[in-house]
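1. sequence and predicted model, in that order:
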Amino acid sequence: MKSTKFVTACYILSFVSYHGPKIISTATIARWVNVNASRVRQIVARLVRAGLLTSTLGGEGGVVIG
């Protein structure tokens, strides 16, 4: 079975960049990408470590393009 992490990461990056400076929650991303929210959080964490996304913590938190 092939890994879909790369494809999912590309979808996440395109969705977040499309919405510009607006902070997007991982729950919203998970609904749009149609992937489990915990899987999205794992991939987002890798994208944040790579500097491609910037995250904000808290109830109003989410991610934006890094």
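-> Thanks, I have it.

2. what are the ranges of the strands in the chain?
-> With DSSP state E as the criterion, the chain has strands at 53-56, 62-65.

3. what is the mean pLDDT for the first one?
-> I take that to be strand 53-56. Over the span of strand 53-56, the pLDDT mean works out to 90.

4. next one: it to chain centre, how far?
-> Relative to its parent chain, strand 53-56 has a centroid offset of 9 Å by C-alpha atoms, centre = their mean, to the nearest Å.

5. check which residues of that strand are buried.
-> Leu53, Ser55 (16 or more other C-beta atoms under 10 Å). (Each C-beta comes from the backbone N, C-alpha and C, glycine too.)

6. just checking: what are the partner strands of it?
-> Applying DSSP bridges, strand 53-56 is found paired with strand 62-65 (antiparallel).

7. contacts for the partner strand next, please.
-> 13, 16-17, 21-26, 28-29, 44, 47-48, 52-56 (C-beta atoms under 8 Å, 6 or more residues apart in numbering).

8. narrow those residues to those in helices?
-> Leu13, Val16, Ser17, Thr26, Thr28, Ile29, Val44, Leu47, Val48 (DSSP state H).

9. narrow these to those that are buried.
-> Using 16+ other C-beta under 10 Å as the burial test, the ones in helices among the contacts of strand 62-65 include Leu13, Val16, Thr26, Thr28, Ile29, Val44, Leu47 as buried.

10. how close does Lys5 get to Ile23?
-> 23 Å (C-beta to C-beta, to the nearest Å).

11. ok, now Val40?
-> Taking C-beta to C-beta, one finds Val40 at 15 Å from Ile23.

12. how about Ser17?
-> 13 Å.

13. could you do Glu60 as well?
-> Taken as C-beta to C-beta, the span from Glu60 to Ile23 is 7 Å.

14. between the two, which has more neighbouring residues?
-> Ile23 (15 against 8; other C-beta atoms under 10 Å).
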